[in-house]
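> A structural model of the following input is requested.
(one chain, ligands or ions: 3)
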Amino acid sequence: MTDTIFHLAPSPGERAKAALGRRNLVLVGLMGAGKSAIGRIVAQQLGLPFIDTDTEIERVSRMTIPELFAAYGEEEFRALETRVIKRLMRSGPRVVSTGGGAFINDKTRKQIERSGGLSVWLNADLEVLWERVNKRDNRPLLKTENPKQTLKDLMDKRYPIYALADITVQSRDERKEVIAGEVLAAVIDHIGKDERK
Ligand SMILES: Nc1ncnc2c1ncn2[C@@H]1O[C@H](COP(=O)(O)OP(=O)(O)OP(=O)(O)O)[C@@H](O)[C@H]1O
Ligand SMILES: O=C(O)C1=C[C@@H](O)[C@@H](O)[C@H](O)C1
Ligand SMILES: [Mg+2]
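Ligands and ions are numbered 1, 2, ... in the order given. I've put the predicted structure just below:
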């Protein structure tokens with residue numbers, strides 16, 4: 001009797017991983033968009049290491065982000081963020097979830113672009129973001145009198161810059177696994193289009 005060999009079709013994770021090659025997949029977007037939560041699931045599905053730059057900054061500085069802002073100010077935090085991302089972009093592939101301001105910083109964004117990182121903007125509307133961020137007070141930029149208005153002001157300033165990302169996926173009130181699946185599909189589609197050019 002001969003054995004029957006089943007050739008299973010590759011999963012979206014396997015297809016996206018093959019399409020990515022050695023490139024890093026870099027998630028960008030505003031606080032609460034889901035960069036950390038979705039990035040972790042996407043990395044699992046790709047079978048790639050996951051790094052969150054906020055967590056990495058906290059690890060190397062041995063301080064929390066609110067402590068860093070309080071002790072050294074935003075400018076020093078950005079300088080540290082640029083250094084950490086520069087180092088991460090030197091090797092790959094992995095999934096890198098960035099802090100909300102990283103892609104807004106010209107130097108950091110160019111590092112991501114120059115290294116061939118594939119950037120994904122998790123776009124989200126104000127109500128979705130607000131619903132998610134108002135539960136915790138670990139975001140120094142939102143320690144204002146009217147944090148919802150601050151978030152709205154950040155959207156107005158930053159969205160044109162996030163829109164420079166290679167790919168945009170809408171983050172919304174939908175299961176995280178669904179959004180992660182859309183990220184994988186968008187990666188496959190984007191790289192496929194590039195290759196057909
Ligand atoms: N699709 C989703 N459905 C439900 N909750 C979500 C979804 N995506 C993210 N969240 C939750 O929203 C909160 C904020 O998400 P997360 O920390 O991933 O955002 P972030 O983009 O990394 O923000 P920051 O820039 O502040 O690091 C978390 O509690 C996360 O579990
Ligand atoms: O949007 C921002 O500028 C920030 C977002 C967070 O991820 C942290 O990186 C920090 O709180 C700053
Ligand atoms: Mg995060």
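> what residues are up against the closest residue to Ile85 other than its chain neighbours?
Take Ile85 and drop its neighbours on the chain: the residue closest to it by C-beta to C-beta, 6 or more residues apart in numbering is Thr108, 5.3 Å away. All C-beta spots, glycine's among them, are computed from the backbone N, C-alpha and C. By C-beta atoms under 8 Å, 6 or more residues apart in numbering, Thr108 lies in contact with 78, 81-82, 85-86, 98, 102.
> Let's see the strand or helix carrying Thr108 as CSV, backbone CA atoms only.
If you go by DSSP states H and E, Thr108 is part of helix 106-114. What follows is helix 106-114, C-alpha atoms only, in CSV (Å, rounded to 0.1, in the frame of the first residue of the first chain):
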residue,chain,number,x,y,z
ASP,A,106,12.3,62.1,11.1
LYS,A,107,15.6,60.4,12.1
THR,A,108,13.9,57.3,13.4
ARG,A,109,11.5,57.0,10.5
LYS,A,110,14.4,57.3,8.0
GLN,A,111,16.2,54.6,9.9
ILE,A,112,13.3,52.3,9.5
GLU,A,113,12.9,53.1,5.8
ARG,A,114,16.7,52.8,5.0
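> moving C-terminal of that helix, what's the next helix or strand?
strand 118-123.
> chain center to that next one, what's the gap?
Strand 118-123 sits 6 Å away from the centroid of its parent chain (C-alpha atoms, centre = their mean, to the nearest Å).
> what does it contact?
20, 23-29, 33-35, 38, 103, 112-113, 159, 162-171, 179, 183, 186-187, 190-191.
> Filter those residues down to the buried ones, PyMOL style.
Buried residues among these (16 or more other C-beta atoms under 10 Å), as a PyMOL selection:
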select buried, resi 20+23+24+25+26+27+28+29+33+34+35+38+103+112+113+162+165+166+167+168+169+171+179+183+186+187+190+191
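> Show only the entries of the contacts of strand 118-123 found in strands.
25-28, 167-170 (DSSP state E).
> Thank you, goodbye.
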